[in-house]
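> this one's sequence-less:
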């Protein structure tokens, strides 16, 4: 099991959280996504280590930016 935390900018509401959660959750191997709206921190749990490019692509697909 792997767990990584990222920072996503541009999220302002619960709809933003749902969009990011849905997109990242669609990546193969992801078992959980927790978004903390006030801080922009997104914690992703997966069965194996994820490629940050996949996470970045999912976040951008949702309309936001992965900054870390």
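Thanks, I have the structure now. The structure displayed is predicted, hence computed values, not measured ones.
> in the sheet, who's paired with the closest residue to residue 67 other than its chain neighbours?
Spatial nearest neighbour of residue 67, excluding adjacent residues (CB to CB, 6 or more residues apart in numbering): residue 7 at 4.8 Å. C-betas here are computed from N, CA, C, even on glycine. Beta bridges link residue 7 to residue 41, judged by DSSP bridges.
> ok, which stretches of this structure are strands?
Ranges of strands within the chain are 2-9, 30-36, 41-46, 65-66, based on DSSP state E.
> quick one, which of these gets closest to residue 56.
strand 65-66 (4.5 Å; CB to CB).
> can you tell me the strand partners of that closest one and which way each runs?
By DSSP bridges, strand 65-66 pairs with strand 2-9 (antiparallel).
> mind listing what's buried along the strand it pairs with?
If you call a residue buried by 16 or more other CB atoms under 10 Å, then strand 2-9 has these buried ones: 6, 8.
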